[in-house]
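Enquirer: Compute the structure for the input listed below.
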Amino acid sequence: MKGQNNSEFGRGGELNTIIGKGSTITGDLNIQNSLRVDGTVKGDIKCSDTVVLGKGGVIEGSVTAKNVMVAGHIAGNVLTDGKVVLENTSSVTGDVKAVRLVVDEGAVFDGKCAMKDGAKKKA
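Expert: This next block holds a predicted model:
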């Protein structure tokens, strides 16, 4: 990733699962703590902390996590309680639901976005 100062990424949990470049996983994943994908995942991902998708990484399925940082390609919906960052090399085809969304110039996003803030209550 570009070395942005994203203090909420990587804190509160440890990176204990890595899917390396050239690896392909088929099936749904349930991950405790954080996940980094540099290979390919064909299935839905549920993660208790942060999902980081590297520049060459591909996810074909939905991603549910606390935060999601994307530099690769996601073909599926992204649902977070926190922040989604789409780096300039990223491509997302699907809907995004997040409290905060950052889209760098050059990122491709084809879908709907719903912003919600779980910390604020309706008046």
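
Enquirer: Show me which residues of the helix or strand of the chain with the lowest mean pLDDT are buried.
Expert: Within the chain, confidence by mean pLDDT, DSSP states H and E is lowest for strand 15-19 among all helices and strands, at a mean of 92. Within strand 15-19, the residues that count as buried by 16 or more other CB atoms under 10 Å are residue 19. Heads up, the C-betas are built off the backbone N, CA and C, glycines and all.

Enquirer: Would you map the helices across this structure?
Expert: Read by DSSP state H, the chain holds no helices at all.

Enquirer: centroid residue for it?
Expert: Against the mean C-alpha coordinate of the chain, by CA atoms, centre = their mean, the closest residue is residue 68 at 2.8 Å.

Enquirer: And the pLDDT for residue 33?
Expert: On the pLDDT scale, residue 33 is placed at 93.

Enquirer: ok, now which ones touch it?
Expert: 13-17, 47-49 (CB atoms under 8 Å, 6 or more residues apart in numbering).

Enquirer: Closest to residue 73 out of these?
Expert: Nearest to residue 73, judged by CB to CB, of those is residue 47 at 17.6 Å.

Enquirer: mind checking how far the least confident helix or strand of the chain is from the chain centre?
Expert: 14 Å (CA atoms, centre = their mean, to the nearest Å).

Enquirer: and what of stretch 62-73?
Expert: With CA atoms, centre = their mean, you get 1 Å for stretch 62-73.

Enquirer: Can you tell me what sits against stretch 78-91?
Expert: By CB under 8 Å, 6+ apart, stretch 78-91 touches 1-2, 4, 6, 8-9, 53, 55, 62-74, 92, 94-109, 118.
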